[in-house]
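[1] fold the stuff below for me.
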Amino acid sequence: MKPRGFQIGTFGLDALGLLINVRSAVDQGASLIRYQMMHPDAPGWTAQQYQAWWRDQLDLIRDMIYEMRDRGIFAHIVVDCHTGPGPAESSHSCITNTYWRAIWRENWLAAVEHLKDLDEIWGYDLLNEPLCRNQRKWLQFAGDLAKQIRQQDRRTRIIIESRKGAPGAFRAMRPINVPKVWYSAHIYKPRKLCFYGIFDNITADQARRAARNLTIEKAETILEPVRTFQRRYKVPIYIGEIGCSIRTHPDDRDHFFRQFLSLFNRYRWAWSVHAWRESWEFDYESYGGLIPIMDKIK
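    Next up, the predicted model:
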């Protein structure tokens, strides 16, 4: 069984606060934690301010792991660059702007040097849901960085997401010629089910109908571009996020997770649910009548 777990809340927490979130997720059966590196969207941030914040986050991750060790808690940690360097209104400037791309690269190389000796670090997720018109360019930049990371760290997985994290974007994906690269998508489909109560134009009837129509065959169709890519290139897959609005009917949420997570396990994909104590719209702990995800889809 590949690692599986949750994306946890990290914003504004110290090492003990992070430990509490990790422990509660592990208590639900999680073996993997996706750690969001998400800056506070401060307008006008300079590169130096972003880098100082990034270094503070790296120290927090180390401190969190030491606290986990002191208490006998183990989980694989994915370090997720959730908001890249650049202006607050464009945290994906590292794709389109040479200056910010250099900062992004420099930060990651510093992160690898800081964290590579920690066995708990499972993967480096280079950029969350990259916004790019040209996926080929994104893969080129990600591939260049992956090669540099491999010079420092031969052990830890490097995770590269498709454009916007979309499963359909895998039709235009090509593998990177670097060892131990995993490829990642995010699952928020059917949209009218997953985003009910978040987008005002979705009605309760539409959400329930979307759940009824989500057969296992429909779920397989949504995942097919990723599955085809995996088979064609014989590469590993990590689903970094899968989530469903807390406002949907409990039976519909349960059905949604059961369909998709059973397929992830069948395909031997690693995965993390969005979210655990991180986003109120998708927070799994907030679901009424919690049935542990880890048990119900074995």
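[2] how much space between the residue nearest the centre of the chain and Arg55?
    Closest residue to the average C-alpha location of the chain: Gly240 at 3.1 Å, with CA atoms, centre = their mean. Look at Gly240 and Arg55: by CB to CB, to the nearest Å, they are 24 Å apart. Every C-beta, even on glycine, is put in place using the N, C-alpha and C of the backbone.
[3] using PDB, write down the CA coordinates of the host helix or strand of Tyr183.
    Counting by DSSP states H and E, the element that carries Tyr183 is strand 181-187. Only the C-alpha atoms of strand 181-187 are listed here, as PDB (Å, rounded to 0.1, in the frame of the first residue of the first chain):
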ATOM      1  CA  VAL A 181      10.200  11.800 -10.100                       C
ATOM      2  CA  TRP A 182       6.500  11.300  -9.200                       C
ATOM      3  CA  TYR A 183       3.700  13.000 -11.100                       C
ATOM      4  CA  SER A 184       0.800  14.600  -9.500                       C
ATOM      5  CA  ALA A 185      -2.800  15.600 -10.100                       C
ATOM      6  CA  HIS A 186      -5.600  17.000  -7.900                       C
ATOM      7  CA  ILE A 187      -9.200  15.700  -8.000                       C
END
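[4] wait, is the residue nearest to the centre of the chain part of a helix?
    No: Gly240: not assigned to a helix; according to DSSP: H, G, I helix; E, B strand; the rest coil it is strand.
[5] surely it and Ile160 touch.
    No: the criterion here is CB atoms under 8 Å, and Gly240 misses it with Ile160 at 10.6 Å.
[6] list the residues that contact both of those two?
    Common contacts of Gly240 and Ile160 (CB atoms under 8 Å, 6 or more residues apart in numbering): Ser184.
[7] so which residues of the stretch 151-298 of the chain form helices?
    191-194, 204-212, 216-233, 250-267, 293-296 (DSSP state H, counting those that start in this stretch).
[8] which residue ranges of the stretch 1-150 of the chain form helices?
    Using DSSP H, counting those that start in this stretch, helices in the stretch 1-150 of the chain cover 15-27, 47-70, 93-96, 98-115, 135-152.
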